[in-house]
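Novice: Dropping a prediction and its sequence here:
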Amino acid sequence: MKSQAIRDSSSLCGWFEPKFMALTFCNSCNSCNSYSSMADLSSKPSDVPATPAEPAPATRLAPQMRMMFLSFWASPQRSRILLLGLALVVVIGATAFAQVRLNAWNQPFYDALSHKDLHGFLAQLSVFGILAGGLLVLNVAQGWLNMTTKVSLREGLVRDLLNEWLKPRRAFHLVNAGEMGTNPDQRIHEDARHLTELSTDLGVGLLNSSLLLGSFVGVLWFLSQKVIFHAGGHNFAIPGYMVWCALIYAGTASWLSWRVGSPLINLNSDRYSREADLRFALVRVNEHTDSITLFGGEQDEKQRLSIELDHVLRVMRRIVRASTLLTWVTSGYGWFTIIAPILVAAPGYFGGDLSFGGLMVVVGAFGQVQGALRWFIDNFNTIADWRATLLRIASFRETVVTMDKLGATENRIEFIKTPDGKLTLENLEVATPTGCTKLSEGHIEIAAGERVLIVGDPGTGKTLLFRAIAGLWPWGSGRIALPAPNDIMFMPRQPYVPLGTLRAALAYPSSATAYKDEDLVAVLQCASLDHLSSSLDRNARWDRELGDDEQQYLVIARIALHKPHWLLIDEALDALDDDARDRVISIFNTGLKEAAIINIGRPETQHPFFTRVLHLIKDPRGVCFVPDAQSAAAK
């Protein structure tokens, strides 16, 4: 199944019109024992209520990390990522060991320079070549492992999000889950990529700093013995003096960085939301350029886009101010670090046993320790960005999962499989916040092969009834007995033509190779689309190449190809003119002779083809959809 959720942030009592993106065989849904189909929502008329928003997910770090870890542990990519992580530990550990050796190399090298020992100087150059060559190999290996880990992490995360998002009915209900349900494409594509890249870079950096810290703390502690203080005629050394200096120095800077830079977490999260809104607005304008041009609405669209851009720029300016303040701390700390180790080691050089080479070893070890300790300072901006991205991904995933519990305390329609090959509606009332939508007759049986027209005035809930029978809106009362899932197809008012070849569009949702060429050509000819017969294997944006009527004919051709035993139509015939409607009905008469066809439409669409007419009414005193306590608390 394929689904694309169009953004909508309607409240519970808001209204929208579902435009189903796919003509599909509905699938059995175990969670509610109903039949469901993926759908898309894009506008707001008066007959269909929005699904209620669920509570906002927790924003604490620990629950989010736990949820993401559990999803990683269940991922097929787990073993590969763990092996890559182990390889990174080995490579980074070897790098830390080589850097300790390189730091120790400072003493004989600089002592040879200070003593003008040419032989020792040349010998140390050869040692440096060996160490540098080894570090180069390790750096290249670390870079490759780093990039490969990013790819594997992204694959695992995106596949997990797609799997959770496209479970039956979730994407449909997510559209109106509030802020967390907006722009799922942004979260799955851009946010997932950003999170995996930041997680890898920060994780590798933290591991590298931790190993360097562990390696050089011991070296620095030992060298602290050579820093001798003179006071009152006494000479003494402070155990671990250089280590304590590095800890105090880095700890102070880390605390200042946190105090100054913490607002960046929320600012980055806000920025990503605004960026997603701007991106969606741009895509929407691009998809509707014909209508905008015909109405001369370029200026209005420019104003709307300018407003979205202003929102983005406003947040970015706040980020600039916060980042500038943080730069005062991080850059000031960085510049002072150049002289800090020499200052704290100066007593040992001027009054102790430290040689010039020994001083450089101390300075190098101090630099490595404080460099490891300042990892938090150097990466605070990145950590804030990572935290904001994690918030968006974890909140999105948690919201997607909770869609299965949507309206759990509400009355639900009972869905069963028909025992006698009939479609039965027993005292059906489809709940809305303002009453219910129901048929004028309490007990309705529709037999195989019947042609039934269900008519209703605007606002009576025609699309809502369509959604209820399809299992997408289970709230209400009564019983719906449906044929087997593979026997019924649903035809929404908005035709859906998937990306890819014409062959795939006709066979959708079946495999593109499921039907023979002669069958595809036959249904195209039947639907007056025989001019497309030579384009079966051409990739194109068929939704743009074909006109509205042609897209509807393509959907009819798809129906004729699948030959369902039952077909439920939601006002799709209403938009056609009389000639086009007669042509479609002719196709039904020839290609679906044995099928039961139920059309939900307006009274003026009555046609001799339909031998039975049912009436839809709105009952404001009927069963209402009232949000459960959990949903209400979120509002």
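Specialist: Thanks, I have the structure now.
Novice: C-alpha only now, for contacts and for neighbours.
Specialist: OK.
Novice: Show me the shaky parts of the stretch 151-300 of the chain.
Specialist: Within the stretch 151-300 of the chain, the stretches with pLDDT under 70 are 176-182, 226, 228-233, 290, 294-295.
Novice: In it, what residue spans correspond to helices?
Specialist: Under the criterion DSSP state H, counting those that start in this stretch, the stretch 151-300 of the chain carries helices at the ranges 170-174, 184-186, 192-223, 241-261, 263-287, 289-295, 298-337.
Novice: What does residue 454 show for phi and psi?
Specialist: Dihedral angles phi and psi of residue 454 (degrees, to the nearest 10) take the values phi -100, psi 120.
Novice: mind checking how far it is from residue 239?
Specialist: Using C-alpha to C-alpha, to the nearest Å, residue 454 is found at 89 Å from residue 239.
Novice: For these two, indicate the residue with more neighbours.
Specialist: Using other C-alpha atoms under 10 Å as the criterion, residue 454 and residue 239 rank with residue 454 on top: 23 against 15.
Novice: which residue sits closest to residue 514 in space, ignoring its chain neighbours?
Specialist: residue 507 (7.1 Å; C-alpha to C-alpha, 6 or more residues apart in numbering).
Novice: Show me where the stretch 451-600 of the chain has its helices.
Specialist: Counting by DSSP H, counting those that start in this stretch, the segments of the stretch 451-600 of the chain that form helices are 462-470, 502-507, 517-526, 542-545, 548-562, 578-591.
Novice: and these, which is most packed in?
Specialist: Here the criterion is mean neighbour count by mean count of other C-alpha atoms under 10 Å, and of the helices of the stretch 451-600 of the chain the winner is helix 462-470, at a mean of 25.
Novice: and it, average pLDDT?
Specialist: Per-residue confidence for helix 462-470 averages out to 88 on the pLDDT scale.
Novice: Mind giving me the packing neighbours of it?
Specialist: Here helix 462-470 touches strand 34-36, strand 423-432, strand 435-439, strand 566-570, strand 596-601, going by 3 or more C-alpha pairs under 8 Å, 6 or more residues apart in numbering; DSSP states H and E.
Novice: switch the cut-off to 6 Å
Specialist: Taking 3 or more C-alpha pairs under 6 Å, 6 or more residues apart in numbering; DSSP states H and E as the contact definition, helix 462-470 has no neighbouring helices or strands.
Novice: now it against strand 423-432, angle please.
Specialist: Direction vectors for helix 462-470 and strand 423-432, defined by axes from the mean of the first three to the mean of the last three C-alpha atoms, to 10 degrees, enclose an angle of 120 degrees.
Novice: tell me how far helix 462-470 is from the chain's mean position?
Specialist: When C-alpha coordinates are averaged (C-alpha atoms, centre = their mean, to the nearest Å), helix 462-470 and its chain have centres 29 Å apart.
Novice: cool, stretch 207-223 as well?
Specialist: Stretch 207-223 sits 39 Å away from the centroid of its parent chain (C-alpha atoms, centre = their mean).
Novice: Pull out the CA atoms of that stretch and give them to me as CSV.
Specialist: The C-alpha coordinates for stretch 207-223 follow below in CSV (Å, rounded to 0.1, in the frame of the first residue of the first chain):
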residue,chain,number,x,y,z
LEU,A,207,34.5,7.7,22.4
ASN,A,208,37.7,9.2,21.0
SER,A,209,37.8,11.8,23.8
SER,A,210,37.0,9.3,26.5
LEU,A,211,39.9,7.0,25.3
LEU,A,212,42.3,9.9,25.0
LEU,A,213,41.3,11.1,28.5
GLY,A,214,41.9,7.7,30.0
SER,A,215,45.2,7.4,28.2
PHE,A,216,46.6,10.8,29.1
VAL,A,217,45.4,11.3,32.6
GLY,A,218,47.9,8.7,33.8
VAL,A,219,50.7,10.4,31.8
LEU,A,220,49.7,13.8,33.1
TRP,A,221,49.5,12.6,36.7
PHE,A,222,53.0,11.1,36.5
LEU,A,223,54.4,14.3,35.0
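Novice: Go through that stretch and flag the buried ones.
Specialist: 207-213, 215-217, 219-223 (16 or more other C-alpha atoms under 10 Å).
Novice: Repeat that for stretch 63-77.
Specialist: Neighbour-count burial for stretch 63-77, counted by 16+ other C-alpha under 10 Å, picks out 64, 68, 71-72, 75, 77.
Novice: Ok, stretch 113-121 next?
Specialist: Neighbour counts using 16+ other C-alpha under 10 Å place 120-121 of stretch 113-121 among the buried residues.
Novice: Make sure I have this right: residue 609 is in a helix.
Specialist: No - note on residue 609: no helix contains this position according to DSSP: H, G, I helix; E, B strand; the rest coil, which reports coil.
Novice: Count the residues that sit near it.
Specialist: When neighbours are counted by other C-alpha under 10 Å, residue 609 registers 15.
Novice: on that earlier part again, any idea which of the buried residues of stretch 63-77 is closest to residue 588?
Specialist: The closest of the buried residues of stretch 63-77 to residue 588 turns out to be residue 75 (C-alpha to C-alpha; 46.1 Å).
Novice: and the closest one, helix, strand or coil?
Specialist: Taken by three-state DSSP, the conformation at residue 75 corresponds to coil.
Novice: Distance check, the residue nearest to residue 514 against residue 584.
Specialist: Counting by C-alpha to C-alpha - residue 507 and residue 584 are separated by 19 Å.
Novice: One more: residue 164?
Specialist: Distance check for residue 164 against residue 584: by C-alpha to C-alpha, it reads 38 Å.
Novice: got it, and residue 384?
Specialist: Taking C-alpha to C-alpha as the measure, residue 384 falls 57 Å from residue 584.
Novice: and if you look at residue 161?
Specialist: With the distance defined as C-alpha to C-alpha, residue 161 ends up 40 Å from residue 584.
Novice: And for residue 546?
Specialist: Applying C-alpha to C-alpha, one obtains 17 Å for the distance of residue 546 from residue 584.
Novice: Please determine how far residue 239 is located from residue 574.
Specialist: Counting by C-alpha to C-alpha, the separation of residue 239 from residue 574 is 88 Å.
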